[in-house]
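K.L.:
What follows is a predicted structure for the sequence shown.
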Amino acid sequence: MQLPREKLQLLYENLFQLVDCGVGEWDPQTHKFSANIYWEILYGGKPPQTLDFGGLINLLFQWHPATDRQRFVRAYESRETCYRTSGSVVDERQGVKEVSETFYFLRGDDGTPLRVLCCVSDSDHFYLKDRPDMGHSYDALTMLPDRNSMLATLSEVAFQPGSIFQQNALLVIDVNQFARVNNHYGYSTGDYVIQEIAQRLAALKSSRVCVYRGESNNFTIISRSISHVDELDWLVKQVYSCFETPFPVNAGKRKLMLTVSVGATTFYSDGEEPDTIISCAFAALKRAKQNGNFGNNFALFNQSLLVGIQQRERIISVLEKHRENHCLKLFFQPQINSANNRLHALEALLRMDSPQTGFVLPSDFIPIAEETGLIIDVGYWVLEECCRAAKRFHWQGLQFHTLAVNISLVQLMSPNFVEKVKKIVTAADLDPSWLEFEITESVLMNSVEYGAHLLMELKKFGINITLDDFGLEYSSLNYIRALSIDTLKIDKVFVDTICNDSKSKSIVEMILNMARQIGMEVVAEGVETYEQLEELRRMLCPIIQGYYFCRPLPESEITEKYKIEIPVR
């Protein structure tokens, strides 16, 4: 006998209020948010009754690092049913409280989220004390011990009095090109494959070997008491063997071959810091991935990689005080109208140079800034400087449409991003239409719904939006109509071979034709030769950027070069 619907609803509401943790419920359709009394106690007050998706994220993650926001959004937009994390809640009356958070996504048959349930408990709550499994938390998708468990075990293994001569190993496993699985077959298939990988790797577990789920398509292994490097080689071969058998997808109609990159480091149980051990393993993983993504690759940490770790620490130290040490400088590269060779726009490009680090390429320091969250303050500093520079350029006689600023995913997902942008631009007394934000396809692929919401808010404010590196990810064609994009930038990869590769030429022509039909501007970047320029002119590409016209220059040199226009052949 089934309970009547109204009885079930009453039972649900009673459980909602009686459960011993803070519980919140959000309806994606109506945007209604409700919470029980424990939630109000934890957060120090009643939450808003109505929240859009952006408001929900700001409520849940206002004191969290930007990476937590990104992972939550990815879990919400994929077909995952659960996401767990931990963080802090700041209450003016009770101070800072450490909390554990679990988010359940209740989905319809097509995977559409119907409800989001948020369960929050603080570390001082009675039912969290003295539980034997609290040091061993599990990943909801794979049921492997998660990253928190790995950190706890690593700390235990790294410091074992009486076993300081015991050698151990940490392996980091990255499934190569896994994003293509999600993009081509869908996130539900991707989740299934991750579960299959986890099941195969779990078979390697023993009294000395533990397997953990890391982030996304990463797994880690801790191996205790390695007596010889041959044991490590054997373990790596066992990892490879887990990928020898294809993974069946599409109800067995297709078989998917996958490869992995593995980075490893060995360490003794003499008290070495877990963070240092992890850094060494990831440095080795980075070296392994430099060998390519189309086969199994392995690298073992050695002292030559230590130089990279030390440089990373110096970069972080310098970036933490970038406003005081003036280690960052803005350079500007012009975008030229291909019809008349006149200045059309400028792109701001960040450079780093300091006595501690020397000159550092953006490709080296930008990823570190993103990983550490330092990119958020760096990004706001760049925007402040660009607002000032844009006004100075106009005062000094430069005629151009927009100044482009690059925005990363971490910035876009940071708390109150749009509000802070508006505040900076308004304080500078700058017309927002003078600015253009460049985002990459990967930003949109990580969070389509929330990203679209933020871009629309920026557009309403008056800022133009450019999609950078266009064409590298086929999936962007699925999103382009749903997003508020003004300009597409054709990636340099296609420009490099446009004169001698028919496929590149066809892709560029397709992008130009599509952009014309939907009323978008197009910029071809990385133009370095006269032949490339003429080919793009023949295709009627309107805007050109690259070393053929001008390399990135400091503000003073750009002003001197373009305040009086000199046509170029």
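P.N.:
Good, I have the coordinates.
K.L.:
Give the next helix or strand downstream of the lowest-mean-pLDDT helix or strand in the chain.
P.N.:
None of the helices or strands of the chain scores lower by mean pLDDT, DSSP states H and E than helix 5-18, at a mean of 51. Sequence-wise, the next helix or strand downstream of helix 5-18 (DSSP states H and E) is strand 22-26.
K.L.:
Name the residues that touch stretch 383-400?
P.N.:
330, 332, 334, 342-346, 348, 403, 405, 421, 424-425, 428-430, 434-435, 555, 558-559, 562-565 (CB atoms under 8 Å, 6 or more residues apart in numbering). (C-beta placed from N, C-alpha, C; glycine too.)
K.L.:
what is the mean pLDDT for it?
P.N.:
On average, the pLDDT along stretch 383-400 is 94.
K.L.:
Pull out the buried positions in it.
P.N.:
Neighbour-count burial for stretch 383-400 flags Leu383, Glu385, Cys386, Cys387, Ala389, Ala390, Lys391, Phe393, Leu398, Phe400 (criterion: 16 or more other CB atoms under 10 Å).
K.L.:
so which helix or strand takes in the first one?
P.N.:
It refers to Leu383. helix 375-395.
K.L.:
Just checking: what are the partner strands of whatever helix or strand comes next after that helix?
P.N.:
For helix 375-395, the following helix or strand on the C-terminal side (DSSP H and E) is strand 402-406. Its sheet considered, strand 402-406 pairs with strand 343-354 (parallel), strand 435-440 (parallel) by DSSP bridges.
K.L.:
then strand 402-406 to PDB, C-alphas only?
P.N.:
These are the backbone C-alpha positions of strand 402-406, laid out as PDB (Å, rounded to 0.1, in the frame of the first residue of the first chain):
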ATOM      1  CA  THR A 402      38.000  48.200 -27.800                       C
ATOM      2  CA  LEU A 403      40.700  47.100 -25.500                       C
ATOM      3  CA  ALA A 404      40.600  43.300 -25.000                       C
ATOM      4  CA  VAL A 405      41.300  41.800 -21.600                       C
ATOM      5  CA  ASN A 406      41.700  38.000 -21.100                       C
END
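K.L.:
Show residues contacting it.
P.N.:
Here strand 402-406 makes contact (CB under 8 Å, 6+ apart) with 332, 335, 345-350, 382-383, 386, 389-390, 393, 433-439, 464, 466, 468.
K.L.:
Likewise for stretch 275-287?
P.N.:
Outside stretch 275-287, the residues touching it (CB under 8 Å, 6+ apart) are 154, 158, 170-172, 174, 220, 261-265, 267, 299-301, 305-306, 308-309, 312.
K.L.:
Show me which of the contacts of strand 402-406 are buried.
P.N.:
Here, 16+ other CB under 10 Å leaves 332, 335, 345-350, 382-383, 386, 389-390, 393, 434-439, 464, 466, 468 buried among the contacts of strand 402-406.
K.L.:
Was I right to think Thr466 contacts Ser484?
P.N.:
No - counting by CB atoms under 8 Å, Ser484 is not a contact partner of Thr466; they are 11.0 Å apart.
K.L.:
Can you get me a residue count around the closest residue in space to Cys119 that isn't next to it in sequence?
P.N.:
Using CB to CB, 6 or more residues apart in numbering and skipping residues adjacent in sequence, the residue nearest Cys119 is Thr102, 4.6 Å away. Thr102: 16 surrounding residues under other CB atoms under 10 Å.
K.L.:
So what sits opposite Thr102 in the bridge?
P.N.:
Arg84, Cys119.
K.L.:
my guess is it meets Cys82, correct?
P.N.:
Yes - contact criterion CB under 8 Å: Thr102 and Cys82 qualify, at 6.6 Å.
K.L.:
Now name the helix or strand holding Asp468.
P.N.:
Assigned by DSSP H and E, Asp468 belongs to strand 464-470.
K.L.:
distance between that strand and the chain's centre?
P.N.:
Computed by CA atoms, centre = their mean, to the nearest Å, the chain-centroid distance of strand 464-470 equals 17 Å.
K.L.:
Dead centre of this structure: give me the residue that sits there.
P.N.:
Centroid-nearest residue in the chain: Leu409, 5.5 Å away (criterion: CA atoms, centre = their mean).
K.L.:
Could you report the pLDDT at that one?
P.N.:
pLDDT, read off for Leu409, is 82.
K.L.:
from memory it sits against Val73, does it?
P.N.:
No - judged on CB under 8 Å, Leu409 makes no contact with Val73 at a distance of 9.8 Å.
K.L.:
and the gap between Ile498 and Thr529?
P.N.:
Distance, Ile498 to Thr529, by CB to CB, to the nearest Å: 10 Å.
K.L.:
Looking at those two, which is more packed in?
P.N.:
Neighbour totals were compared for Ile498 and Thr529, and Ile498 leads with 26 against 15 (other CB under 10 Å).
K.L.:
Can you tell me the SS state at that one?
P.N.:
coil (DSSP: H, G, I helix; E, B strand; the rest coil).
K.L.:
Retrieve the pLDDT associated with it.
P.N.:
For Ile498, pLDDT reads 92.
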